[in-house]
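Asker: coordinates only, sequence not included:
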């Protein structure tokens, strides 16, 4: 939080504390988090304005009494007015302008993140989590992008983050695959294209009733540690991870840890015993073990009659063991909203087994669901695999660049096309509220408004301007000798007002687990920057004006890059 905003918050605190029932510490915290820089658009005519909604700070009677408040201006605040339930705070315009520009220029990549929420909080974020022996499909895209964003934002705000990719590598389906491989598989084909071949084998095997009946016996052998059964499973897992990593590498996404269900199948049986001991489960007449969870009406099985474990049982073991290993303060599961019931079971069992595992973590903080994508296809038809989408994104971007009005030869055209293509996938996804389903489209991949391409174009344009000023005018962005009063055009002031809002967009995205706050902030920043560039030149202006504007544009470029970093996008310097 800026020094100016902090001082204004204490000013408002002095005004409100005589009316508020809440304790002082809680009130000042609420004022600081609720005081918002007023949003702007291209037609906005105000500057250095904050708003504060009083509805959650004062009771109705207190709010009525407060309407007669009196205010004296000071060094930080020019005026405070009440508009219905909202305070409209006019900050000192000179201080506001200087503090925004100075903060960005000095903090650089840390701008927006200078006030870490927790410097020592250990946070686990589990995301993507595909099954082995199957390609990453289009449905994994949302979990992968959203999980990567949440990891980035938690890390930048002071959390010590461990990114876990929890692979599905255990269960009867691997018995089907292994038995099916004996009938339909080929080691030559496996060597050429492992995941594709394993998927073909699985599809054929899953239609063969004889194989399906043998698969149960095969999986039981796996749980009994039969060496031959485990050898085949181990080969499939090794080949799968290698191919998965190649896809993640294309998206510039890295995990700290790869875990798998198989690591927990033995421990899962120990936790079933503990559940029985705690009265959270009981053995039925047919030898299956059924959970009996308080405040959860539905009965469910945690261990089969043959003693084999289930997905929920292995997840219970994984969660409890992670607490021992990482001693996390927070754990986040980024998964499809259809899995809500599964994770509600997991959450409730963990709370009852040991309240220290999750502490005060709410279910909404623990389980981060998202909607589904429809119409996920290449231009040739329906697509199932994420790798195909990445390839198609590059091709579409490349073709669109060829027809762009800004077309020019680039030394690294392939890299630029892949980056724009990947960015289109990321921004198309993260621009939508995460709980909503949406229909994917390749249209407007280089559209003029609200597109990944235009965000890259704005960044590259600013980068080029700064380099040209350095090369031709010997001008460097600096702040010590700049007269910021020369930034007085309305488009310049509107841009500064929006730059001041970046930290608020970050905090809102962090608290709501909603990256679209950052994406839409970025779209607006690009629009306001382009307007400012069109109206306020740097070249062919007197040096003082040129220096002030160059500084403003370097700040805009920095914030675009900061937004890219948190979204998991590489910023392009030329396009």
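Answerer: Received, thanks. In this text the structure is predicted, and so the values were computed from the model without any measurement.
Asker: In three-state terms, label residue 164 for me.
Answerer: strand (DSSP: H, G, I helix; E, B strand; the rest coil).
Asker: Please report the distance of it from residue 155.
Answerer: Using CB to CB, to the nearest Å, residue 164 is found at 14 Å from residue 155. C-beta here means a position set from N, CA and C on the backbone, and glycine is covered the same way.
Asker: just residue 507 next, same as before
Answerer: In terms of CB to CB, residue 507 sits 15 Å off from residue 155.
Asker: before we move on, which element is the nearest residue to residue 2 once chain neighbours are set aside in?
Answerer: What sits nearest to residue 2 in space, not counting adjacent residues and going by CB to CB, 6 or more residues apart in numbering, is residue 99, at 5.2 Å. Using DSSP states H and E, residue 99 maps to helix 93-107.
Asker: Kindly report the same for residue 195.
Answerer: Assigned by DSSP H and E, residue 195 belongs to helix 194-205.
Asker: Quick one: residues in contact with that helix.
Answerer: Here helix 194-205 makes contact (CB atoms under 8 Å, 6 or more residues apart in numbering) with 133-135, 173, 176-177, 179-181, 183-186, 189-190, 211-212, 215, 236, 239-240, 242-243.
Asker: Nearest to the spatial middle of this protein, which residue is it?
Answerer: With distances taken as CA atoms, centre = their mean, residue 149 lies nearest the centre of the chain, 2.3 Å away.
Asker: More neighbours: residue 164 and residue 155, which one.
Answerer: Counted by other CB atoms under 10 Å, residue 164 and residue 155 do not tie: residue 164 has more neighbours, with 24 against 17.
Asker: pretty sure the more buried one is touching residue 255, no?
Answerer: Yes: the criterion here is CB atoms under 8 Å, and residue 164 meets it with residue 255 at 6.7 Å.
Asker: Need phi/psi at residue 507.
Answerer: phi -60, psi -40 (degrees, to the nearest 10).
Asker: could you check the distance from it over to residue 109?
Answerer: Residue 507 sits at a distance of 17 Å from residue 109 (criterion: CB to CB).
Asker: the more surrounded of those two?
Answerer: Between residue 507 and residue 109, counted using other CB under 10 Å, the more crowded position is residue 507 (19 against 11).
Asker: And the closest residue in space to that one that isn't next to it in sequence, how close does it get to residue 9?
Answerer: Nearest non-adjacent residue to residue 507, counting by CB to CB, 6+ apart: residue 33, 7.5 Å away. To residue 9, residue 33 is 9 Å away according to CB to CB.
Asker: between these two, who's got more neighbours?
Answerer: Applying other CB under 10 Å to residue 33 and residue 9 shows that residue 9 carries more neighbours, namely 22 against 13.
Asker: Contact partners for that one?
Answerer: By CB under 8 Å, 6+ apart, the neighbours of residue 9 are 1, 28, 31-32, 35.
Asker: at 10 Å what do you get?
Answerer: Going by CB atoms under 10 Å, 6 or more residues apart in numbering, residue 9 touches 1, 28-35, 50, 52, 89.
Asker: what's the answer for residue 53, then?
Answerer: With contact set as CB under 10 Å, 6+ apart, residue 53 has these partners: 34-36, 84-87.
Asker: now with 7 Å?
Answerer: Each residue near residue 53 by CB atoms under 7 Å, 6 or more residues apart in numbering is listed here: 34, 85-86.
Asker: Just those: which are in strands?
Answerer: Secondary structure assignment by DSSP state E places residue 86 of these in strands.
Asker: Throw the contacts of residue 53 into TSV and include pLDDT and distance to residue 199, thanks.
Answerer: Output for the contacts of residue 53, formatted as TSV (pLDDT from 0 to 100; distance: CB to CB, whole Å):
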residue	pLDDT	distance to residue 199
34	89	51
85	87	58
86	90	57
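Asker: if we take the contacts of residue 53, which one ends up nearest to residue 207?
Answerer: Minimum distance to residue 207 across the contacts of residue 53 is 58.6 Å, recorded for residue 34 (CB to CB).
Asker: does that closest one really touch residue 52, like I thought?
Answerer: Yes: counting by CB atoms under 7 Å, residue 34 touches residue 52, with 5.8 Å between them.
Asker: And those two? Which one has more around it.
Answerer: Neighbours were tallied for residue 34 and for residue 52 using other CB under 10 Å; the higher tally belongs to residue 52 (20 against 17).
Asker: Hmm, residue 87 and the more buried one touching each other?
Answerer: Yes: when contacts are counted by CB under 7 Å, residue 52 is listed as touching residue 87 (4.3 Å).
Asker: shared neighbours, these two?
Answerer: Residues touching both residue 52 and residue 87 by CB under 7 Å, 6+ apart: residue 12.
Asker: Pull out the buried residues from stretch 514-534.
Answerer: Residues 514-519, 521-533 are the ones in stretch 514-534 that count as buried (16 or more other CB atoms under 10 Å).
Asker: Could you name the specific helix or strand carrying residue 46?
Answerer: Assigned by DSSP H and E, residue 46 falls within no helix or strand.
Asker: What of residue 78?
Answerer: Using DSSP H and E, residue 78 falls in strand 77-83.
Asker: What strands flank that strand, and is each parallel or antiparallel?
Answerer: strand 86-91 (antiparallel) (DSSP bridges).
Asker: Let me know the angle separating the partner strand from helix 93-107.
Answerer: Strand 86-91 and helix 93-107 are oriented at 80 degrees to each other (axes from the mean of the first three to the mean of the last three CA atoms, to 10 degrees).
Asker: For residue 563, give me its contacts.
Answerer: Neighbour list for residue 563: 518, 521-522 [criterion: CB under 7 Å, 6+ apart].
Asker: how about these in TSV, adding secondary structure?
Answerer: Conversion of the contacts of residue 563 to TSV gives the following (three-state DSSP):
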residue	secondary structure
518	helix
521	helix
522	helix
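Asker: Turn those residues into TSV, including pLDDT.
Answerer: Shown next, in TSV, are those (pLDDT from 0 to 100):
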residue	pLDDT
518	98
521	98
522	98
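Asker: ok, those vs residue 568, which is closest?
Answerer: For these, the nearest to residue 568 is residue 518 (10.9 Å; CB to CB).
Asker: quick one: residue 329 and residue 154 touch, right?
Answerer: No: in this structure residue 329 lies outside contact range of residue 154 using CB under 7 Å: 10.9 Å.
Asker: of those two, who's got more company?
Answerer: When residue 329 and residue 154 are compared for neighbours, residue 154 comes out ahead with 22 against 17, by other CB under 10 Å.
Asker: helix or strand for the more buried one, which one?
Answerer: Take DSSP H and E as the rule and residue 154 turns out to sit in helix 140-156.
Asker: Contacts made by stretch 335-347 with the rest, please.
Answerer: 139, 143, 293, 296, 300, 312, 315-316, 319, 333, 363, 366-367, 369-371, 435.
Asker: One more pass at 10 Å, please.
Answerer: By CB under 10 Å, 6+ apart, the surrounding residues in contact with stretch 335-347 are 126-129, 139-140, 142-143, 146-147, 166, 291, 293, 296, 298, 300, 302, 311-312, 315-316, 318-319, 333, 357-358, 361-363, 366-372, 434-437.
Asker: and the residues you listed, which are buried?
Answerer: 126-129, 140, 142-143, 146-147, 166, 291, 293, 296, 302, 312, 315-316, 318-319, 333, 357-358, 361, 366-371, 434.
Asker: Narrow these to those in strands?
Answerer: Among the buried ones among the contacts of stretch 335-347, the members found in strands (DSSP E) are 126, 166, 291, 302, 333, 367-370.
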